[in-house]
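Visitor: Predicted model and sequence follow; I will ask about them next.
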Amino acid sequence: MRIHIQAIQFTAAEPLTEYIERKVGKLAHYFDRIIDAEVYLSLDSKSSAIKDKVLKVKLNLPGTQLIATDTAKTFEEALDIVVENLKRQVTRHKEKVQP
């Protein structure tokens, strides 16, 4: 599975990109036909003086696309929540495709 990481208006640090690749890569254990994943990182400064981190992941599967988004104080927290959400979506999709 190919993982494309795009940081909007900033540059993501190497440890963050490695963490994202490791966590998102584990989703392949739940469904082996995931084509690729697109990860978008951005800063949301509209909500408060402290900038919140917004993380969005799109999983491209044959015939469909699964999307999960979360906002947290760190990208790592947001990624953990998004990956758990995508695990449920992938499992549900796999049950529909392979009864």
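Guide: Perfect, thanks for sending it.
Visitor: wait, isn't residue 52 in contact with residue 43?
Guide: Yes: using Cβ atoms under 8 Å, residue 52 is in contact with residue 43, at 7.4 Å. In short, each C-beta sits where N, CA and C put it, glycine included.
Visitor: residue contacts, residue 68?
Guide: Taking Cβ atoms under 8 Å, 6 or more residues apart in numbering, we find residue 68 in contact with 56, 57, 82, 85, 86, 89.
Visitor: List the pairing partners of the strand or helix carrying residue 5 within its sheet, with orientation.
Guide: Under the criterion of DSSP states H and E, residue 5 resides in strand 2-7. Strand 2-7 has the following strand partners under DSSP bridges: strand 36-44 (parallel).
Visitor: Who is the residue sitting nearest the centre point of the chain paired with across the strands?
Guide: The residue lying closest to the centre of the chain (Cα atoms, centre = their mean) is residue 57, at 3.1 Å. Judged by DSSP bridges, the bridge partners of residue 57 are residue 39, residue 68.
Visitor: ok, back up a step: can you tell me which of the contacts of residue 68 is nearest residue 24?
Guide: Taking Cβ to Cβ as the measure, residue 24 lies nearest residue 57 of these, at 6.5 Å.
Visitor: gap between the residue nearest to the centre of the chain and residue 98?
Guide: Per Cβ to Cβ, to the nearest Å, residue 57 is found 23 Å from residue 98.
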